[in-house]
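Colleague: structure for the following, please:
(2 chains)
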Protein chains: 2
Amino acid sequence: MTMPRAPSNDGRARAVIEGIAPAVDGGRYPIKRVVGEEVIVEADCFTDGHDQLACLLLYRREDETQWRSAAMRPLVNDRWRGAFTVEALGTYRYTVTAWVDAFLSWRHDFARRIDVEDLRIAAQVGADLIEGAAGRAAGDERRRLRDWARSLRSEENAAALRSIALDEELGTLATRYPDRRLASTYPVEFTVTVDRERARYGSWYELFPRSCSPTPGAHGTFRDCEARLPYIAQMGFDVLYLPPIHPIGRERRKGPNNSLQTKPADVGSPWAIGSAEGGHTAIHPQLGTVEDFRRLVTRARDQGLEIALDIAFQCAPDHPFVQGYPEWFRWRSDGTVQYAENPPKKYQDIYPFNFESEKWQELWRELAGIFSFWIGEGVRIFRVDNPHTKPFAFWQWAIAEIKRDHPEVIFLAEAFTRPKVMHRLAKLGFTQSYTYFAWRNTKYELTEYFKELALGPGREYFRPNCWPNTPDILTEYLQFGGRPAFMARLVLAATLSANYGIYGPAFELMEHTPREPGSEEYLDSEKYQLRQWDLERADSLAGFIGRVNTARRENAALQQDWNLRFFPIDNDQLIAYGKSTADLDNIVIVVVNLDPYHTQSGWIELDLAALDIDPATSYQMHDLLTGARYLWSGPRNFVRLDPMRTPAHVFALLRRVRSERDFDYFM
Amino acid sequence: MTMPRAPSNDGRARAVIEGIAPAVDGGRYPIKRVVGEEVIVEADCFTDGHDQLACLLLYRREDETQWRSAAMRPLVNDRWRGAFTVEALGTYRYTVTAWVDAFLSWRHDFARRIDVEDLRIAAQVGADLIEGAAGRAAGDERRRLRDWARSLRSEENAAALRSIALDEELGTLATRYPDRRLASTYPVEFTVTVDRERARYGSWYELFPRSCSPTPGAHGTFRDCEARLPYIAQMGFDVLYLPPIHPIGRERRKGPNNSLQTKPADVGSPWAIGSAEGGHTAIHPQLGTVEDFRRLVTRARDQGLEIALDIAFQCAPDHPFVQGYPEWFRWRSDGTVQYAENPPKKYQDIYPFNFESEKWQELWRELAGIFSFWIGEGVRIFRVDNPHTKPFAFWQWAIAEIKRDHPEVIFLAEAFTRPKVMHRLAKLGFTQSYTYFAWRNTKYELTEYFKELALGPGREYFRPNCWPNTPDILTEYLQFGGRPAFMARLVLAATLSANYGIYGPAFELMEHTPREPGSEEYLDSEKYQLRQWDLERADSLAGFIGRVNTARRENAALQQDWNLRFFPIDNDQLIAYGKSTADLDNIVIVVVNLDPYHTQSGWIELDLAALDIDPATSYQMHDLLTGARYLWSGPRNFVRLDPMRTPAHVFALLRRVRSERDFDYFM
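Modeller: Okay, here's the model as predicted:
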């Protein structure tokens, strides 16, 4: 018989903690919040036997050395919940601690005792515990606890003993000074990335500055772009995002419609970055100077617009890096570099970096330095081109490095790829992510996808940014659905998702001709040529977009993702959903006709209990797109949407509530 | 502008691994298997860009220093799967490694190339990679790879180049010597506890040795127990489990029916352990000597029965520990120890240990030593009494200590408590766990509960052992349902769960009178007094139990838990389910009438595709309880069960399969 070895740690810590949520991959990655938001933490906490447990949520800013704490309360089935608010940008940490609380156990037990002698013995045990608490307290509180212990020791009468022992106020006082020597603390510190509010919601507008010139055929400049700012601001956008603004390679430059043949006047693709004129920290000479760029950033800010830059880590063959740092590329025996591909797309004008280079550390530093450079020029939002074709480890490092000094920076991942790859990029640090929204068209597809985004476990780290179109994506729905399709897709993006964007003016001018049948590429795409847009066109959606963005700005319910709830509506061409603030002060209900060709009608069924609406009273539905007001009552109401007029309702729901002065009014 | 700091690790390891399953709490606890079983491991593996990945499952016995490996194959959506077999008792470890495979990427890419010049350049790249593989190979394989590289370099013709490059056999050879320098290995080593087969399935029989005497009123002995072995073996049981066999305390001894008043002749509760005659390593003098016990263990083994002991870590007031180790108890000011409670039950005759004692390490060692002692006496199965009233940390330590030297030991946790507490005990090391089965009576309850046990995430560590009755549990269903209730509950336990047990002879003799109305305690319970049982009673269920246990022994499908599938049957009083071996060589279908009073009938609907049955042919249903044979055809068939005859069918399903000699036969 072998005698067991000696146990090592203090085995008297009897509290158990497990199943802490939220947690991304067991705490390997941070959850995301914005400043001022609450982090609600739950955990399974229990102990052996029948003793009483106490649990605390511990949290701190990463740079603080001491934990702060918040009480956790039991729910059911050994689940406990607590919460804290993140008040500053950067990283927070949290974990849970729990202990068997001798005082609470004693009190719980004492209440069930009947026998007088038993009560007296138990009172002595309690007095010891309360004296322990007194020893951890100070001043008046210490005195009060000592007095309490003394009366427990001296009292002889059973009824009096019971009332002394179970005194609520003194009990609360004693629990403030628990004996935590044998507390268990969960061994993982979970992290929260705290971003600024813009990370949670915003309306993005993408345009090509080179197409902004008022002169036909002329190359647009940052100055032209400045002139366009009031137009964009009036539509209610928050972010103006520019494709790469750097010198464009001349070697293997692409012609219009992605042609391999070019004429000297062809402007090339802005994503074929770099030429003798400079690389990723240079500005295309025809756009302007660094001073022009700075001015654009400032002027935009004055109009409530923040400039976002597109960062694409790749090089035209004549980018200075190619000759300057040949180790960063994978050379073939014929002295060429294999061009980039994103199957089935081929980018003959672009060289990828070789991240397996022996000089990878130099490369990483150089690339991270590009972000730093543009931060120095006042940019705080980066849309990152194809991050899924660069190593995950690079992004994790680079984003952490940048955010350490600049926690206000927002990174949007432009990865349209497999779900797990997109999620990994979000986990490792990207603030926001492009989505599959463009290809989710039916009610079933939209419902399933947005339920996953708003309610699935990924919501802790994957912030969706939904785009009905981009310079690369002209969907079939938009190609064939006409004006109603553009309006419907805009409303869906802008109300299903707190972050959304459009690529304009192609969007508001309903550009819808593909390069060839079956393609999602635009004909005469701005990616390869200058375009002139007639912003004054009578059918422009600019005014409509402005109304939608105004609704977003004026309704806090639309500035969040997690509050999305779908409602039944008895027509598969109609989709209905709502968002509301936690206090129900703001409720928005949206109905969209997904059929761009026919009028559709149906009965929507609201969850009145969840909306705190008395089923016996009526409530007002104020359409924020048309201004119309409808009086609804009960859970089921009729909706009819003619796509030739407006294919959607965006309703503010105004409930009758009783005011302090006892009048009814709509809130 | 702050320049980013230098990246630290090798950022060129581009493969990503996440979501490894199975994993209990992220790898904090082991999964469980028995010797010879397969561990199927899945993981999400992917990389940036479009390169090809290779993944290996790494595994080893804990005492091995080198990993063994098994290939992982891609499923869909970046999920990979591999498997290994656990061949020895003890602990195994596993994890996953993956790398971007330059050779596979090259080959994948090469197949899509068309341009001749391009093919020639690519062939040079491939030749370099193959020479790399040759450098990692030896002997003839090295020579073959070198030759291959040479012909790739020299061949000029495009078609010939293509056929050389894409040679299947040489490709397979090269993949045997991959370049794993930049492989990523998941940072957690997951563990498997490998038990012996008895852990996965077994039929348990509990009896009180002191009630085994053939002489009325006499205290039974181990010798009497020996005489009972053939009776138990004939019923087909595998494990004979005995309540505590130690000296019983005389202080505060309980009388019949848990009475606080005792007469001198009262025998007391076996769970009130210890007296002047000894404690947990002593044997009750009236049961016999250590030699008698050893003989019982041997004789039982000769008849295919393994002895399991009940280990209850608690003391009667006159247990030698109480005076010998007063620090192990929590004394009150009146010189007494607070007795044990398991609300609402009170155990006035039992002192609990104080695990918060300063001398907790001594206590732990002493208690673990009790297991070691009985292992020394030939016991390898322990049923642990109320483990949830002792610290989790103690069990984790004690079970690990015991299993390090004796991986064949089985621990059954007798914790009837909250779900998370029961799961924690299973996670931290208990081999098997009692369940809520006794209180799951309706079709809905049984279906939901057994789906959770067989298919839920807990199945990786929580092995159910289902008991229709115990000395503490006489359910209402058994109190009122008569003989059909006993038969139905036996069939349910024995066919829903691979491990089950009964407390006899109370069970086979259908003892069903509670101590008082509403109680689940037996009247005149053997816990407090001797009982005499008439095993020859004509209505005994011993024969029926024997048929059920024979079915379990002869049908491998019933020796597993995870293979359980429920079938629809259009009567809520009938429940239908099946189990089959992976190769479908053995299929068992069970139908039970849950109504002990009335005949019930209905149409069962089998999933013929899953059972690989041609819907156009008939198949035979052989009832293992009655011997009857029915010919069924198609998915829907009629079943009728009269509880006054047999309330259940346990069918072996015999399919027609085509033999080699082209005859049909039933398998």
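Colleague: state the phi and psi torsions of A:Asp48.
Modeller: Phi and psi for A:Asp48, reported as degrees, to the nearest 10, are phi -70, psi 160.
Colleague: touching, it and B:Trp395? I think so.
Modeller: No. Applying Cβ atoms under 8 Å, one finds A:Asp48 not in contact with B:Trp395, separated by 9.0 Å. Bear in mind the C-beta positions are built from the backbone N, C-alpha and C, glycine included.
Colleague: which of these two has more neighbours?
Modeller: Legend: neighbour count by other Cβ atoms under 10 Å in any protein chain shown for A:Asp48 and B:Trp395, higher for A:Asp48 (25 against 21).
Colleague: any chance you could map the strands in the stretch 451-600 of chain A?
Modeller: Ranges of strands within the stretch 451-600 of chain A are A:464-466, A:499-503, A:565-567, A:574-580, A:587-593, A:600-605, based on DSSP state E, counting those that start in this stretch.
Colleague: tell me which of those strands lies nearest to B:Gln66.
Modeller: The closest of those to B:Gln66 is strand A:464-466. By Cβ to Cβ, the value is 45.5 Å.
Colleague: strands paired with the closest one, and their directions?
Modeller: Strand A:464-466 pairs in its sheet with strand A:432-434 (parallel), strand A:499-503 (parallel), by DSSP bridges.
Colleague: roughly how far is it from the heart of the chain?
Modeller: Strand A:464-466 has its C-alpha centroid displaced from the chain centroid by 9 Å (Cα atoms, centre = their mean, to the nearest Å).
Colleague: do you know the pLDDT at the most centrally placed residue in chain A?
Modeller: The residue lying closest to the centre of chain A (Cα atoms, centre = their mean) is A:Arg463, at 3.1 Å. pLDDT for A:Arg463: 98.
Colleague: do the one 4 residues further on as well
Modeller: At A:Trp467 the predicted local distance difference test score is 98.
Colleague: hang on, it packs against A:Ser497?
Modeller: No. Taking contacts as Cβ under 8 Å, A:Trp467 lies outside contact range of A:Ser497: 9.3 Å.
Colleague: which residues do these two both contact?
Modeller: Common neighbours of A:Trp467 and A:Ser497, using Cβ atoms under 8 Å, 6 or more residues apart in numbering or on different chains, are A:Thr435, A:Phe437.
Colleague: mean pLDDT and mean neighbour count added to the strands paired with strand A:464-466, as JSON lines?
Modeller: Shown next, in JSON lines, are the strands paired with strand A:464-466 (pLDDT from 0 to 100; neighbours: other Cβ atoms under 10 Å in any protein chain shown):
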{"stretch": "strand A:432-434", "mean pLDDT": "98", "mean neighbour count": "24"}
{"stretch": "strand A:499-503", "mean pLDDT": "98", "mean neighbour count": "26"}
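Colleague: nearest to A:Thr298, of those?
Modeller: Between A:Thr298 and these, the tightest spacing by Cβ to Cβ is seen for strand A:499-503, at 22.2 Å.
Colleague: what's the weakest-modelled helix or strand in chain A?
Modeller: Every helix and strand of chain A was ranked by mean pLDDT, DSSP states H and E. The lowest is strand A:664-666, at a mean of 54.
Colleague: any idea which helix or strand carries the residue in the stretch 401-550 of chain A positioned nearest to chain B?
Modeller: Nearest residue of the stretch 401-550 of chain A to chain B, counting by Cβ to the nearest Cβ: A:Glu401, 4.0 Å away. Here A:Glu401, judged by DSSP states H and E, is contained in helix A:392-405.
Colleague: quickly check: the helix or strand following that helix near chain B or not.
Modeller: Moving toward the C-terminus from helix A:392-405, the next helix or strand (DSSP H and E) is strand A:410-414. No. On the criterion Cβ under 8 Å from any Cβ of the partner chain, strand A:410-414 is out of touch with chain B, staying 12.0 Å away.
Colleague: packing partners for strand A:410-414?
Modeller: The contact analysis (3 or more Cβ pairs under 8 Å, 6 or more residues apart in numbering or on different chains; DSSP states H and E) places strand A:410-414 against strand A:381-385, helix A:419-428, strand A:432-434.
Colleague: what about A:Trp331, distance to chain B?
Modeller: 10 Å (Cβ to the nearest Cβ, to the nearest Å).
Colleague: number of residues surrounding that residue?
Modeller: A:Trp331 is flanked by 13 other residues according to other Cβ under 10 Å.
Colleague: next: A:Thr298.
Modeller: The number of residues packed near A:Thr298 is 12, by other Cβ under 10 Å.
Colleague: residue numbers of the stretch 51-200 of chain A in contact with chain B?
Modeller: Contact residues (Cβ under 8 Å from any Cβ) of the stretch 51-200 of chain A with chain B: A:Asn77, A:Asp78, A:Val100, A:Glu117, A:Ile121, A:Ala122, A:Gln124, A:Val125, A:Leu182.
Colleague: and the residue of the stretch 151-300 of chain A found nearest chain B, which of the three is it?
Modeller: With Cβ to the nearest Cβ as the measure, A:Leu182 is the residue of the stretch 151-300 of chain A nearest to chain B, at 7.1 Å. The three-state assignment at A:Leu182 reads coil, by DSSP: H, G, I helix; E, B strand; the rest coil.
Colleague: residue ranges with poor pLDDT in chain A?
Modeller: Across chain A, residues meeting the criterion (pLDDT under 70) sit at A:1-6, A:8, A:342-343, A:657-667.
Colleague: output the longest strand belonging to it.
Modeller: Longest strand in chain A by number of residues (criterion: DSSP state E): strand A:90-100.
Colleague: need the winner for burial among the helices and strands packed on strand A:410-414.
Modeller: strand A:432-434 (a mean of 24; mean count of other Cβ atoms under 10 Å in any protein chain shown).
Colleague: for the residue nearest to the centre of chain A, give me its contacts.
Modeller: For A:Arg463, the contact set (Cβ under 8 Å, 6+ apart) comprises A:Lys32, A:Ala199, A:Arg200, A:Ala426, A:Thr431, A:Gln432, A:Ser433, A:Asn499, A:Asp561.
Colleague: just the closest of those residues to B:Cys315, please.
Modeller: Relative to B:Cys315, the closest of the contacts of A:Arg463 is A:Lys32; by Cβ to Cβ it sits at 53.9 Å.
Colleague: residue numbers of the stretch 301-450 of chain A in contact with chain B?
Modeller: Within the stretch 301-450 of chain A, the positions adjacent to chain B are A:332-334, A:336, A:341-343, A:352, A:355-356, A:360-361, A:364-365, A:368-369, A:372-373, A:375-376, A:388-394, A:397-398, A:401-402, A:405, A:418-421, A:424 by Cβ under 8 Å from any Cβ.
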